[in-house]
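1. I need the structure of the sequence given here:
(one chain, ligands or ions: 1)
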Amino acid sequence: MSHLHIQIIHGPNLNMLGTREPGHYGSQTLADIDEELIQLGDKLGVRITTFQSNHEGEIVDKIQHLDAQGLIINPAAYTHTSVAIRDALLAVQVPFVEVHLSNIHKREDFRHKSMMVDMAMAVIAGFGSQSYTLALRGIHHHLLQSKQS
Ligand code: DQA
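-> Model (predicted):
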């Protein structure tokens with residue numbers, strides 16, 4: 001049986017979750033979130049791989065070399081600025097969900113804009129770490145449906 005593979009990409013400063021602005025981002029660490037996703041992946045029968053970088057070019061490289069059928073990405077601050085990440089997503093055409101721990105629309109104006117949102121299959125923002133697990137359930141369902149059709 002060939003397993004679905006979903007890649008998770010976390011952008012800059014998300015390696016500091018747990019201590020970074022817990023009012024916005026909660027108290028779970030990135031390792032906690034990755035563990036939760038891997039466990040949910042096991043239940044769903046999906047292979048999960050995770051990647052975090054503080055560097056735009058490394059995120060672009062990761063997207064260019066994706067070998068997954070779906071992507072969950074929290075581009076963090078690059079959400080609001082990165083033409084390079086947008087272009088990489090356009091180049092590979094892998095279905096992706098944009099996620100944010102915080103509700104970016106309730107925050108400063110500059111966070112209301114996303115460079116990739118119009119290409120995303122879906123966006124989930126504001127549920128803390130649950131934004132990722134909801135995204136995984138959603139993209140898994142979508143990929144299963146598109147496999148059948
Ligand atoms: C974030 C929101 C961004 O505006 C911010 O720069 C982040 C995290 C979130 O998950 O809520 O680093 O993407």
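2. where along the chain do the strands fall?
-> Using DSSP state E, the strands of the chain run over 4-10, 46-52, 70-74, 96-100, 122-125.
3. contact partners of the lowest-mean-pLDDT helix or strand in the chain?
-> Sorted by mean pLDDT, DSSP states H and E, the helices and strands of the chain end with helix 22-25, the least confident at a mean of 86. Among residues not part of helix 22-25, those counted as contacts by Cβ atoms under 8 Å, 6 or more residues apart in numbering are 17, 101-102, 107, 128. The C-beta positions use only the backbone N, C-alpha and C, and glycine is treated the same way.
4. name the residues linked to I8 by a beta bridge.
-> I8 forms beta bridges with T50, I72, as assigned by DSSP bridges.
5. so what's it up against?
-> Shown in contact with I8 (Cβ under 8 Å, 6+ apart): 34, 37, 48-51, 71-73, 132.
6. thinking again about what came up before, the strands of the chain: which one's closest to the ligand?
-> The ligand sits nearest to strand 96-100 of all these, at 3.6 Å, using Cβ to the nearest ligand atom.
7. can you name the residues of the chain sitting close to the ligand?
-> Taking Cβ under 6 Å from any ligand atom as the measure of proximity, the chain contacts the ligand at 13, 74, 76-77, 79, 100-102, 104, 111.
8. do that again at 8 Å, thanks
-> Those residues of the chain that sit near the ligand, judged by Cβ under 8 Å from any ligand atom, are 11-14, 24-25, 74-77, 79-80, 99-104, 107, 111, 125, 131.
9. what about burial for those, which qualify?
-> Among the residues of the chain next to the ligand, those scoring as buried are 11-12, 14, 25, 74-76, 79, 99-102, 104, 111, 125, 131 (criterion: 16 or more other Cβ atoms under 10 Å).
10. and the longest helix belonging to the chain, which residues are buried?
-> The helix that spans the most residues within the chain, counting by DSSP state H, is helix 130-148. Using 16+ other Cβ under 10 Å as the test for burial, helix 130-148 gives 131-136, 138-140, 143.
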